[in-house]
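>>> Please find the sequence and the predicted model below.
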Amino acid sequence: LWKVELPGKGCSTPVVWDDRVFLTSPNDGKDTVLAFGWNGEKRWQTQVGTESKGKHLNGSGSNPSVVVDGTHIFALFKSGNLACLNFSGTIIWKINLSSFGEDSLYWDFGTSPILTSKHLFIALMRKGNSWLLAFEPKTGKVAWKKERNYDTPPECDHSYATPTLVKHEDKEAILVWGAERLSLHSALNGEMLWVSTGFNPKKKKNWVVVGSHVVSGEVAVVSYGRGTHLAGIKMGGSGDITKTHRLWTRKNTGCFVPTPAVSNGKIYILRDRGEVHCIDPKTGESHWEAAFPRSSSSFYGSPIVAGNKLYAPR
């Protein structure tokens, strides 16, 4: 129906609200938020700060996706620029996260912000200065912050995954995946409610988390080992739930870069080379396995289910 050229290479997922499409990309060396109409017309573009360029051939400084609450857009970039804009493209506030430490990620920052009922939440997961951060959406002031640092083999404390908002005992909680740990934290103050570990028993190097975890019912599913392992963890309990809540583990499937899709109680794993596994989250067993046509390029974008079809961009 239409196509438009972007001012630079951005890897954020477009976010749709009513007839608006929001995304990010660099523009003349600046981190930029763009808005398009449903007919492809550019409504506005706003520069929010100096760009930090991507290092990876298939990455950029505009990897994180925006999050929208209906009246405001919140955008985060590799540079550390964090901005709140209204639907007209006017900047309400902006800050830089460099005060929380150096970005020591091997590759380009990719964790997207999420919204709780009270806060804008961001996870920074890297070597020695990992943080869980909650901001006041109206002002950008820090509501609370929690360190999340662990001693791991090289690069295993790096994570590009985006946290998930869930319910724990009827209260909002945030599920965080990285540093060889799946941990649940109170959305109110960041307190850790439970943690599951044991994802790298042989202390392998460079088992970095790229794709995000997913949740189906009461089960969280995580892929690790650079796409070679998959595990299901029953959510709930308190403290260290490693031995009591691990439901299953597979060492013959997983996805490294794409995040799995969830639909109708099934998990759809898109492996980097195009294999697709439809998995029961309660047992870890495959309902079926298939594959997209082979190509010289890998799948980096995450799959999505719409209607009764699975779509995968490459």
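Noted; the coordinates are in hand. Not measured: the values here are computed from a predicted model.
>>> What pLDDT does the model give C11?
Note on C11: pLDDT of 87.
>>> Now do the contacts for it.
G54, N58, G59, S60, S62, N63, G110, Y300 (CB atoms under 8 Å, 6 or more residues apart in numbering). The C-beta positions use only the backbone N, C-alpha and C, and glycine is treated the same way.
>>> Just the helices from the protein, written as ranges.
For the chain, applying DSSP state H gives helices covering 242-245.
>>> Check the contacts of C11 and tell me the two furthest apart.
Greatest spatial distance in the contacts of C11: S62 and Y300, 14.4 Å, computed using CB to CB.
>>> So these two - more neighbours on which side?
For S62 versus Y300, neighbours defined as other CB atoms under 10 Å are more numerous around S62 (33 against 17).
>>> R314 reaches R294, doesn't it?
No. Assessed by CB atoms under 8 Å, R314 is found out of contact with R294, at 10.7 Å.
>>> Common neighbours of the two, please.
G274.
>>> Which one of the two is surrounded by more residues?
Neighbour count, other CB under 10 Å: between R314 and R294, R314 has more, with 13 against 9.
>>> Give me the pLDDT value at that one.
Reading off the model, R314 has pLDDT 85.
>>> ditto for S295
86.
>>> now it: how far from V208?
S295 sits 24 Å away from V208, going by CB to CB, to the nearest Å.
>>> got a list of what T50 touches?
Applying CB under 8 Å, 6+ apart to T50 gives the contacts G29, K30, D31, S79, N81.
>>> Quick check: it vs G61, distance?
Taking CB to CB as the measure, T50 falls 10 Å from G61.
>>> Now for those two: what residues contact both?
Joint contacts of T50 and G61 (CB under 8 Å, 6+ apart) are D31, S79.
>>> Now do the strands in the stretch 101-250 of the chain.
Counting by DSSP state E, counting those that start in this stretch, the stretch 101-250 of the chain has strands at residues 114-115, 120-124, 131-135, 142-147, 164-168, 171-178, 181-186, 192-196, 214-216, 219-224, 229-234, 239-240, 246-250.
>>> Now do the buried residues in the longest one.
Translated: strand 171-178. For strand 171-178, the neighbour count (16 or more other CB atoms under 10 Å) marks E172, A173, I174, L175, V176, W177, G178 as buried.
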